[in-house]
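Undergrad: quick one, what's the 3D model for this:
(one chain, ligands or ions: 1)
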Amino acid sequence: MTYSIMEYTFDSDTLKNLLSALREQTQVPNFSAFEKLTRRIIVKGWAFNSDVEDLIYHHDSRLGAYQIDLKKIAALMGIHWETVCFRPKSNSKSVCEFDAIRCEDAALFLILLERLGFQTNPDYFVDQLLPSLKFRKKELLNNAELEIFWYRTTKSKFAPLTLKNGRDWRKMKELDSFKTLAGYTITVRGIGSEPDEIEIRSPKYRRQAATTRIICKVCGVEWSKGDPDSSAAHRKEHKKRLHYLDPQPVKEMCIELSEGTEPELVTSLSPAWKHREMYLRAVAFRREFHYDFVQWQSAKGISDPKARGYLFVNDKKIIVGACSFRYQESKSNQKFWALDWAWICPTERRNGHLSKRWPYFRKQYGDFLVTYPVSDQMKSFLEKKGELHLMNVPD
Ligand SMILES: [Zn+2]
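TA: Prediction:
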């Protein structure tokens, strides 16, 4: 994550040279020169060492000082130099090699130097590169591409950045503090009179409100308050879970109740809406008992002609729960029915929904097995009925 890199370690000389450059008054950038050079770099796809030096000098002449080694600074900031050469002619035996960085890295270098308080305005470079990033609909972005992608929203709002040389910060005291022309606040600290640490604050930086972890009491989703992405994800999931946690009448079920012969029964021949209702509750069961898989094949339908699902409807014609039976075979080839799971929404538990259907299930499926995992409520239910033996797996 880019935002976590809030400090760079340089050698003392580089630190000193950068600081004296920051103290200088900037000169007017040479727009036409850096725009021309930017376009050339993008066409090549690469920026040679000399291109990088020229590009930066055209933006901010303070960085053209002979003591400043831009190549080294780029490398210390994580920009990767590579060796490139021009495509050789078919009869040539050797090539001339150059140190270069990719054009996205050249834009990144401008972004990073701007973050240090220099006037290496990357707008033009970013504008030239963005369309191709967006056009290609790239799924994966490297660090440089991400910074380019984000540049518009992060400009001038970076978290404070520290340049240091690795000396013991506890012994340092503040030596100086000043503001650059671009509005960056520079604070210098050191052990002696030389700078050992430089802190740079962006002009528009606002400390982001800390996020708070919240577990929604209604849907059980854990989310971060203060993080818009997390909040949106929770709202979406909340709505989905409310469908079975706070169920409302389903139109199709209301029709089925007045017209169908077995409205609660769900088989492989049932319409898709019944499978959707079954599936949602199988998901709820898995979530509650941290089971490995969802015990209803899909929200669209099932292939097992013998599987039997039941949607529990209360007297307000609302689906409040579900369960499903499967025809199984034991190790000794004995066939038997099994109750795989039963789930009732928390507000409707202990209202006798399973109890009411139990005699019918026992008649229909005989001594069926109540399969693992068995909830505590289910155990006490079986205990009350005197049917704990249904938990014993047949041989
Ligand atoms: Zn919620």
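Undergrad: where does Val84 fall, secondary structure wise?
TA: Here Val84 sits within strand 82-85, counting by DSSP states H and E.
Undergrad: so for that strand, mean pLDDT?
TA: Across strand 82-85, the average pLDDT comes to 92.
Undergrad: ok, stretch 276-288 next?
TA: So the average pLDDT for stretch 276-288 ends up being 93.
Undergrad: run the chain-centre distance for it.
TA: Between the mean C-alpha location of stretch 276-288 and the chain-wide mean there is a distance of 25 Å, by C-alpha atoms, centre = their mean, to the nearest Å.
Undergrad: buried sites along it?
TA: Using 16 or more other C-beta atoms under 10 Å as the test for burial, stretch 276-288 gives Arg276, Glu277, Met278, Tyr279, Leu280, Arg281, Ala282, Val283, Ala284, Phe285, Arg286. (Each C-beta comes from the backbone N, C-alpha and C, glycine too.)
Undergrad: circling back: buried ones in the strand holding Val84?
TA: Those would be Val84, for strand 82-85 by 16+ other C-beta under 10 Å.
Undergrad: can you check stretch 370-380 too?
TA: Val370, Thr371, Val374, Met378.
Undergrad: counting neighbours, what do you get for Lys251?
TA: 8 (other C-beta atoms under 10 Å).
Undergrad: so which of the buried residues of stretch 276-288 belong to helices?
TA: Residues from those lying in helices, with DSSP state H as the criterion: Arg276, Glu277, Met278, Tyr279, Leu280, Arg281, Ala282, Val283, Ala284, Phe285, Arg286.
Undergrad: now distance to the ion and pLDDT too, for the buried residues of stretch 370-380, in TSV please.
TA: Shown next, in TSV, are these (distance: C-beta to the ion, whole Å; pLDDT from 0 to 100):
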residue	distance to the ion	pLDDT
Val370	31	95
Thr371	30	91
Val374	28	86
Met378	26	91
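Undergrad: ok, and what's touching stretch 286-294?
TA: With contact meaning C-beta atoms under 8 Å, 6 or more residues apart in numbering, stretch 286-294 is reached by Gly220, Tyr279, Ala282, Val283, Phe285, Gln295, Trp343, Pro373, Ser375.
Undergrad: tell me the pLDDT of the first one.
TA: Read it as Gly220. 84.
Undergrad: doesn't it fall inside a strand?
TA: No - applying DSSP: H, G, I helix; E, B strand; the rest coil, one finds Gly220 to be coil, outside a strand.
Undergrad: and stretch 152-166, which residues are buried?
TA: Quick answer for stretch 152-166 (16+ other C-beta under 10 Å): Thr154, Lys155, Phe158, Ala159, Leu161, Leu163, Lys164, Asn165.
Undergrad: list of residues touching stretch 90-105?
TA: 41-42, 44-49, 51-52, 71, 74, 79-86, 88, 109, 129, 142, 144-145, 148.
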